[in-house]
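Engineer: 3D, please:
(3 chains)
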Amino acid sequence: MDWEKLPLYSHIITNTPVSLAKTVVEAKEEEKRMEKRRDEEEGKSHVKRGLWKPEEDMILRSYIETHGEGNWADISRRSGLKRGGKSCRLRWKNYLRPNIKRGGMSPQEQDLIIRMHKLLGNRWSLIAGRLPGRTDNEVKNYWNTHLNKKSNSRKQNAPESVEAAPLADKPVMSTEARRSHGEGEEEGTTWMEETNCFGYDNLVFDPCFALTDFFPLL
DNA sequence: AAGAGTTACAACCGCCTGCGT
DNA sequence: GACGCAGGCGGTTGTAACTCT
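Structural biologist: Residues are numbered from 1 along each chain as shown, chains lettered A, B, ... in the order given. Model prediction:
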């Protein structure tokens, strides 16, 4: 139990006055603020923010290509980029990584996102994991800007849900897209494939797609 | 042409978890 | 068990690009 986060309760058990418990939290926050200010004054805090420049992308990409991923704080230090480790990781993961698919979502992808979201809620990384080349950030953004409205309007206008729509009406992936998603490379069928509960020939049914994705406690 | 409003998406922030010490 | 650190995640914000008036 983190008593510092529960000053109102901690004082009951430990006989610590509320004011004192609060002071501990406030003191820590003040300490953090002071430290930040000191860093800024000393010029230590020169972490760059905002949009990434092409030169920065190039540096990060070439560094990771030679040294590999992992230890992002180290990468940000050693590559000479004045970016935080987290920022480097995010930029690589969402933008620079190979096999990132950019551009608009296909109707299949859109529909899959809607269905997965219905099943999983805002578990963006899990949803993105079923969309090859798409990142959680991209899926999340796409949902917030496009599909959220769409799904709301569907709820209002159409009494029958997406699930109720006949599977035969669903668009089918192009041969090109199938190939790029590795169709024919796996042998055997999964439970998901057999039941084909999403109504697509491919896209989500990779061998790693387990029931535990939906029900992690199983 | 220009300013206001809207949209799309890149990036940041804070919290949580897992792991090593 | 406590602590610190790194990485991952979802929510939120910032901003460039676009559209409307």
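Engineer: ends of stretch A:125-145, what's the gap?
Structural biologist: 17 Å (C-alpha to C-alpha, to the nearest Å).
Engineer: sort out which residues of that stretch are buried, please.
Structural biologist: Within stretch A:125-145, the residues that count as buried by 16 or more other C-beta atoms under 10 Å are A:126-136, A:138-140, A:142-143. Any C-beta I mention is one placed from the backbone N, CA and C, and that applies to glycine too.
Engineer: can you tell me how far the residue nearest to A:Asn99 when sequence neighbours are not counted sits from A:Lys101?
Structural biologist: Nearest residue to A:Asn99, sequence neighbours excluded (C-beta to C-beta, 6 or more residues apart in numbering): A:Gly133, at 5.6 Å. Noted for A:Gly133: a distance of 3 Å to A:Lys101, by C-beta to C-beta, to the nearest Å.
Engineer: can you check A:Asp136 too?
Structural biologist: 13 Å.
Engineer: ditto for A:Glu65
Structural biologist: With C-beta to C-beta as the criterion, A:Glu65 and A:Lys101 are 20 Å apart.
Engineer: what of A:Lys48?
Structural biologist: As defined by C-beta to C-beta, A:Lys48 lies at a distance of 28 Å from A:Lys101.
Engineer: tell me how chain A divides into domains.
Structural biologist: By the assignment in automatic domain parsing, chain A contains the domains A:3-42, A:54-96, A:107-214.
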